[in-house]
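Chemist: the sequence isn't on hand, but the structure is:
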DNA sequence: ACTTTATTTTAGTCAAGACTAAATTTACCT
DNA sequence: AGGTAAATTTAGTCTTGACTAAAATAAAGT
Ligand SMILES: [Mn+2]
Ligand SMILES: [Mn+2]
Ligand SMILES: [Mn+2]
Ligand SMILES: [Mn+2]
């Protein structure tokens, strides 16, 4: 069994490699920042993971997962997303609370637990924040959505996915009526990186900061 | 937050102090055996826990929980038993599989998780193997049942609790039709610590070894 | 009471995974 | 091209919780 720490490192590297922010290189400092450790600690772990053949390491350049490492990362991500969805669907958690809980549980559940909640949820492929859930074989369908902040004025779009990094932001979105599947129309876009004015589900127009809009992924309608 | 290891030590000490096997003293070696570590390791941890005022330590004599230690032990036991019951009731786990899963999850869940499954289960007071579940305030109703191995010939009794230490034994009991609430009648008791012959729920007579009967706790009828 | 044995503690190591401070490498700017 | 700043690695520590081997203590037997 791999340690909790190793699973988290691999998971974060995977997300950095495939995420929508898509850095060219997955650097030590980026990894350290996401893990909440110092760069020196990250270097230590990187060397260890390279030694275990879980990743490719070019000193001073960055890291990239090898097949074995990616396998573990995807397995951990699968756990995380299935658990999040389960907490939300079966236990009534709000979508801003599931991430913190899943962050610990993902390392503690057995394959039996994974299978049972998978079945109970009807073998879902989309998680609580709209993320794709890797299947049992570690296959995942990476999505490419537009950011709400990039949508043209006048355009309508469906919310498909949100970033789960900031719980407070998720709570705010929820209070605004922004959920998965919500239809929004961009009424106004203030200049100089100003806020958007949105029509959420044909309701009252609401103002939304660009920072938040940047973390909402949508599918434009027609 | 206390480490997983500390929670397990405290939990085991509590169970040794209050269990039905009731040793006079909770010794280092007993604790070490239950934790699956060497006696030296147990001594180390004991000294640390004594330092933290979680237990009373008399070198060469044994340990006893102090109030703060017992609080933590009961909280951990509450987690364990709620999780076991949840796995069994909500996820369809068999009673021989719940312990291993709960052993890890008990350290990973939040108070919110605890509260949600508690509510979902209807605030239960009896766990999957018949154990009492400590309440939110750490109060527990310790039970005293007879062992099936001590029941007189001809006597009938209801199965109230089983030991969850050996998964294979639980599987065996289950296959014999022995569950919580099952009514059994002792037809025969072979001499020289021989097996019992049982009538389980008025079905065919079955033979049961004394070792297994020792781990089944019952309430005699009338 | 003395001796043997079993239990427990002490002493010294180890691995994992973090940290700080110092050294090194890379990148960038003039 | 040389100089500076930022990023990264190295070196050395620390804490946690294990381990083994050796020493100390308690218990039991004659
Ligand atoms: Mn998440
Ligand atoms: Mn995690
Ligand atoms: Mn149990
Ligand atoms: Mn445990």
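Modeler: Cool, got the structure. Owing to the predicted nature of the structure, the values given are computational and were not obtained by experimental measurement. Ligands and ions are numbered 1, 2, ... in the order given.
Chemist: so what pLDDT did the residue of chain A found nearest ligand 1 get?
Modeler: For chain A, the residue closest to ligand 1 is residue A:99, as judged by CB to the ion, at 3.8 Å. Heads up, the C-betas are built off the backbone N, CA and C, glycines and all. Per-residue confidence (pLDDT) for residue A:99: 98.
Chemist: just say helix, strand or coil for it.
Modeler: helix (DSSP: H, G, I helix; E, B strand; the rest coil).
Chemist: distance check, it against residue A:113.
Modeler: Using CB to CB, to the nearest Å, residue A:99 is found at 18 Å from residue A:113.
Chemist: same check, this time on residue A:4
Modeler: From residue A:4 to residue A:113 the distance is 16 Å (CB to CB).
Chemist: the lengthiest helix in chain A and chain B in contact?
Modeler: For chain A, the longest helix by residue count, based on DSSP state H, is helix A:67-90. Yes - contact of helix A:67-90 with chain B (CB under 8 Å from any CB of the partner chain) involves A:87, A:90.
Chemist: do the same with stretch A:165-175
Modeler: No - using CB under 8 Å from any CB, stretch A:165-175 stays clear of chain B, coming no nearer than 12.8 Å.
Chemist: can you name the residue of chain A nearest DNA strand C?
Modeler: Residue nearest to DNA strand C within chain A (CB to the nearest atom of the strand): residue A:3, separated by 2.8 Å.
Chemist: contact partners for residue A:85?
Modeler: A:98, A:121, A:124, A:127, A:128, A:133 (CB atoms under 8 Å, 6 or more residues apart in numbering or on different chains).
Chemist: same check, this time on residue A:166
Modeler: Counting by CB under 8 Å, 6+ apart, residue A:166 has contacts residue A:215.
Chemist: same check, this time on residue A:118
Modeler: So residue A:118 contacts A:82, A:124, A:136 (CB under 8 Å, 6+ apart).
Chemist: does residue A:114 belong to a helix or a strand, and which?
Modeler: Residue A:114 is located in helix A:111-120, with elements delineated by DSSP states H and E.
Chemist: quick one on the thing from earlier: next, the angle from the longest helix of chain A to helix A:111-120.
Modeler: 50 degrees (axes from the mean of the first three to the mean of the last three CA atoms, to 10 degrees).
Chemist: does helix A:67-90 come close to ligand 2?
Modeler: No - Helix A:67-90 does not reach ligand 2 (CB under 5 Å from the ion); its nearest approach is 7.1 Å.
Chemist: compare neighbour counts for residue A:4 and residue A:113 and give me the winner.
Modeler: More neighbours surround residue A:113 than the other of residue A:4 and residue A:113, with 22 against 15 (other CB atoms under 10 Å in any protein chain shown).
Chemist: you'd agree the more buried one is up against residue B:101?
Modeler: Yes - with contact defined as CB atoms under 8 Å, residue A:113 and residue B:101 form a contacting pair (6.2 Å).
Chemist: shared neighbours, the two?
Modeler: residue B:87.
Chemist: and for residue A:164, the neighbour number?
Modeler: 23.
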